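Novice: this one's sequence-less:
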């Protein structure tokens, strides 16, 4: 797979990490061959190359004693630099001394591998498209051609091939069974989708958001209700308009799921941090604890 796919996905992930945790001042990812794969907009390439050179000196010394470096941490009075190996890539983060180390590790060591795994999972589909003769011979704009036009063009190409090779024309009884009915199915499917959109029957798929678990306790706190950032709730309301959203589905990384009510977060220090406050009872149901990631999506009836 082209590393451009990794670069695009990882660059956006690094940007989101800095948005969620402002204490992370610089981030970049490089390959084993020292090529820069992704970086934030604030980090100059000159600084990155100096960091990679220093890292290579450390790895060369490790090779002499037969060691394999997984993580390098450099602590100073101003902050900390951490270089961590993830698959075939190296993630570098620079954080201030005020940064919550556990919080930063949760963001980087969970989000980055998830993104890499998701990109790897779409590789078979991309390889199929790259090997297709149509993809190699047709211009890039061909990808936007509607399905029914593609089906008609394929049928026309098959007819031209049959005319150019008369010795391969099937017998009359075989020709009747090879009528090009199947390629025309996308026309019916697209017409059905267009009709649903015109009648306003199609509802957008509920978006899935990754949030970090934070404890929620208190005498008057209901055990079946979580608290979510008000900005995220506003996005759901903008997406679904007049539809009332009263519950959310939550899925932990272990596959455990639950459906519960939600309210907006009251504590201002958690606003805009990508946090979901979950009572102890629901944490037990999900088998998830503070600092772990969960997937959250609204329930739209």
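Specialist: Looks like it arrived, so ask away. In this text, all values refer to a predicted model and were calculated from it rather than measured experimentally.
Novice: Partner strands of the helix or strand hosting residue 227, with direction?
Specialist: Taking DSSP states H and E as the criterion, residue 227 maps to strand 225-228. Counting by DSSP bridges, the strands paired with strand 225-228 are strand 257-264 (parallel), strand 275-279 (antiparallel).
Novice: For residue 90, find the nearest of those.
Specialist: Proximity to residue 90 (CB to CB) singles out strand 275-279 among these, at 28.6 Å. Glycine gets a C-beta too; all of them are placed from N, C-alpha and C.
Novice: Report the distance from the closest one to the chain centre.
Specialist: 22 Å (CA atoms, centre = their mean, to the nearest Å).
Novice: what does that strand contact?
Specialist: By CB atoms under 8 Å, 6 or more residues apart in numbering, the surrounding residues in contact with strand 275-279 are 211-217, 221-229, 250, 265, 270, 286, 288, 294, 296.
Novice: Distance of the residue nearest to residue 254 when sequence neighbours are not counted relative to residue 280?
Specialist: Residue nearest to residue 254 in three dimensions, not counting chain neighbours: residue 287, with 5.7 Å by CB to CB, 6 or more residues apart in numbering. For residue 287, the distance to residue 280 (CB to CB, to the nearest Å) stands at 12 Å.
Novice: can you check residue 257 too?
Specialist: Residue 257 sits 18 Å away from residue 280, taking CB to CB as the criterion.
Novice: in this structure, what spans have low per-residue confidence?
Specialist: Within the chain, the segments meeting pLDDT under 70 span 1-3, 33, 62-68, 123-201.
Novice: Which segments of it make up each domain?
Specialist: With automatic domain parsing as the criterion, the domains of the chain are listed as 3-124, 209-298.
Novice: Figure out which of those is closest to residue 203.
Specialist: domain 209-298 (7.6 Å).
Novice: any chance you could map the helices in the chain?
Specialist: For the chain, helices defined by DSSP state H occupy the ranges 3-20, 45-64, 101-121, 123-131, 133-137, 147-164, 172-177, 185-198, 230-240, 280-286.
Novice: Could you report the neighbour count for residue 51?
Specialist: 20 (other CB atoms under 10 Å).
Novice: need the contact list for it.
Specialist: 81, 83, 92.
Novice: ok now stretch 204-217, how far from the chain's centre?
Specialist: Here the centre of stretch 204-217 is set off from its chain's centre by 15 Å, with CA atoms, centre = their mean.
Novice: buried stuff in that stretch?
Specialist: For stretch 204-217, a neighbour-count test (16 or more other CB atoms under 10 Å) marks 206, 209-214, 216 as buried.
Novice: Between the two ends of that stretch, how far is it?
Specialist: For stretch 204-217, the separation between the terminal residues is 34 Å (CA to CA, to the nearest Å).
Novice: do the same with stretch 87-105
Specialist: 16 Å.
Novice: And stretch 217-237, by the same measure?
Specialist: Termini of stretch 217-237 sit 27 Å apart (CA to CA).
Novice: got the contact list for it?
Specialist: Outside stretch 217-237, the residues within contact range by CB under 8 Å, 6+ apart are 207, 209, 211, 216, 245, 248, 250, 260-266, 270-282, 296, 298.
Novice: spatially speaking, which residue is in the middle of the chain?
Specialist: residue 115 (5.2 Å; CA atoms, centre = their mean).
Novice: Highest mean neighbour count out of the strands paired with strand 225-228?
Specialist: strand 275-279 (a mean of 23; mean count of other CB atoms under 10 Å).
Novice: Report the inter-axis angle for that strand versus helix 230-240.
Specialist: For strand 275-279 against helix 230-240, the angle by axes from the mean of the first three to the mean of the last three CA atoms, to 10 degrees is 100 degrees.
Novice: now strand 275-279 against helix 3-20, angle please.
Specialist: 70 degrees.
Novice: I'd like to know how far the nearest residue to residue 43 once chain neighbours are set aside sits from residue 205.
Specialist: Closest residue to residue 43 apart from its sequence neighbours, by CB to CB, 6+ apart: residue 26 at 4.5 Å. Per CB to CB, residue 26 is found 35 Å from residue 205.
Novice: hang on, the earlier thing: so who does the residue nearest to residue 43 touch?
Specialist: With the criterion set at CB under 8 Å, 6+ apart, residue 26 makes contact with 40, 42-43, 47, 92-94.
Novice: Please tell me how far it sits from residue 104.
Specialist: Distance from residue 26 to residue 104, by CB to CB: 12 Å.
Novice: overlap in contacts of those two?
Specialist: Common neighbours of residue 26 and residue 104 are listed as residue 93 (criterion: CB under 8 Å, 6+ apart).
Novice: Got a ChimeraX select line for the buried ones in the contacts of residue 51?
Specialist: Restricted to buried positions by 16+ other CB under 10 Å, the ChimeraX selection for those reads:
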select :81,83,92
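Novice: This completes my enquiry, with thanks.
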